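Q: Sequence and predicted structure below; questions after.
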Amino acid sequence: IKKKSIGLRVTVDGEEFCAEPMLLATVSNGRFCGGGFESCPHADLFDGLMEVFAAYNISRMTLLKFISAYRDGKIFEIPNLHEIGKYAQAKEVLIEPMNTDKIRFVGDGEIYCTEAVKLEVAKQAIWVNIPAEI
């Protein structure tokens, strides 16, 4: 109910993907996250790519309309998805805070507070580089 956005700069394969207040940004090489949310329905563990989705700072009403499709793996069926967020596939992703020193990052269920997050695809693996936890 108390949604908060945060200014994030997301760089995908060396190019700025978006830089603005966001509700969330997900990067995944698997289809599911957060207790059964199928947030990345096109993800394939073996294709060498991560799925990236950045949700803009949308209203609570829009979030309520959007969340069930996001949960059920039907994100690409949302009309005017480009008004809600942005999607890409990538080999490398960098997420940096824009107006704070730290951001919260959830990796495999663990919460980290960090300055930036860099994710890279390695052959049959994913490398996540997180600076020391605070």
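A: Thanks, I have the structure now. Source: prediction; values computed, not measured.

Q: what's the helix or strand for Phe53?
A: Per DSSP states H and E: Phe53 is located in strand 50-56.

Q: Give the pairing partners of that strand; include direction for each.
A: strand 15-28 (antiparallel), strand 85-90 (antiparallel) (DSSP bridges).

Q: Let me see the residues that make contact with the shortest one.
A: So the one you mean is strand 85-90. 12-13, 17-18, 27, 42, 49-56, 58, 75-76, 81, 121 (CB atoms under 8 Å, 6 or more residues apart in numbering). In this view, the C-beta of every residue, glycine as well, is placed from N, C-alpha and C.

Q: Quick check: mean pLDDT of it?
A: Mean per-residue pLDDT for strand 85-90: 94.

Q: I'd like the next helix or strand past that strand.
A: strand 92-97.

Q: Which pLDDT value belongs to the residue minimising distance to the centre of the chain?
A: By CA atoms, centre = their mean, the chain has its centre lying nearest to Thr26, at 1.5 Å. Per-residue confidence (pLDDT) for Thr26: 88.

Q: got the contact list for it?
A: 33, 39-40, 51-54.

Q: Report the beta-bridge partner residues of it.
A: Applying DSSP bridges, one finds that Thr26 bridges with Phe53.

Q: Over to Leu94?
A: Beta-bridge partners, per DSSP bridges, of Leu94: Thr11, Lys118.

Q: coming back round to it: possible to save the strands paired with strand 50-56 as JSON lines with distance to Glu110?
A: Shown next, in JSON lines, are the strands paired with strand 50-56 (distance: least, CB to CB, whole Å):
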{"stretch": "strand 15-28", "distance to Glu110": "15"}
{"stretch": "strand 85-90", "distance to Glu110": "22"}
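
Q: quick revisit: and the strand holding Phe53, how far out from the chain middle?
A: 4 Å (CA atoms, centre = their mean, to the nearest Å).
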